[in-house]
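A.B. asks: The amino acid sequence is not available; the structure is as follows:
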């Protein structure tokens with residue numbers, strides 16, 4: 001059975017190749033913390049929610065390193081409020097000394113609801 005959600009922002013360009021997008025074993029180096037200096041850019045912050053659910057759940061976060069390898073990104077939060085989610089990300093970033101905008105956390109969000 002396939003479940004179809006009603007809305008999505010920033011879907012994968014080729015959903016049939018989603019395995020390749022997520023797991024390029026030759027270039028993937030594992031998980032980096034979002035404070036790691038090797039993290040150059042967040043390429044996708046995937047957020048999920050359901051109608052009536054008060055928060056966005058973080059499904060995964062992926063990035064690319066300064067030397068071009070892909071990685072998963074460990075974040076200090078697993079949920080974000082539906083209203084003010086970017087503000088919440090920036091507040092976490094300030095606390096941890098991370099520049100959220102420069103990393104792409106505010107621009108590379110994919111939301112499914």
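C.D. replies: Okay, I see it. Bear in mind the structure is a predicted one, so any value in this text is a computation, not a measurement.

A.B. asks: C-alpha from now on. contacts and neighbour counts both.
C.D. replies: OK.

A.B. asks: Stretch 40-57: end-to-end distance?
C.D. replies: 24 Å (CA to CA, to the nearest Å).

A.B. asks: What are the buried residues along that stretch?
C.D. replies: 40-49, 55-57 (16 or more other CA atoms under 10 Å).

A.B. asks: Name every strand pairing with whichever strand or helix holds residue 44 and say which way it goes.
C.D. replies: Assessed by DSSP states H and E, residue 44 sits inside strand 39-48. Applying DSSP bridges to the sheet, strand 39-48 is found paired with strand 55-65 (antiparallel), strand 109-112 (parallel).

A.B. asks: Poorly predicted segments of this structure, please.
C.D. replies: 1-6, 12-24 (pLDDT under 70).

A.B. asks: in the longest helix seen in it, what counts as buried?
C.D. replies: Across the chain, the helix with the greatest residue count (assigned by DSSP state H) is helix 85-96. For helix 85-96, burial by neighbour count (16+ other CA under 10 Å) applies to 86, 88-90, 92-93.

A.B. asks: buried sites along the helix or strand following it?
C.D. replies: Using DSSP H and E, the helix or strand that follows helix 85-96 in sequence is helix 100-103. By neighbour count on 16+ other CA under 10 Å, the buried set for helix 100-103 is 100-101, 103.

A.B. asks: Rebuild the buried residues of helix 85-96 as a markdown table, extending it with distance to residue 71.
C.D. replies: Converted to a markdown table, the buried residues of helix 85-96 look like this (distance: CA to CA, whole Å):
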| residue | distance to residue 71 |
| --- | --- |
| 86 | 22 |
| 88 | 23 |
| 89 | 20 |
| 90 | 21 |
| 92 | 20 |
| 93 | 19 |
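
A.B. asks: Can you pull up the most central residue in the protein?
C.D. replies: Centroid-nearest residue in the chain, with CA atoms, centre = their mean: residue 45, separated by 1.4 Å.

A.B. asks: for the buried residues of helix 100-103, which one is nearest residue 82?
C.D. replies: residue 100 (17.9 Å; CA to CA).

A.B. asks: my read: that closest one touches residue 90, true?
C.D. replies: Yes - with contacts counted by CA atoms under 8 Å, residue 100 reaches residue 90, the gap being 6.1 Å.

A.B. asks: still on that earlier bit, between the longest helix of the chain and strand 55-65, how big is the angle?
C.D. replies: 60 degrees (axes from the mean of the first three to the mean of the last three CA atoms, to 10 degrees).
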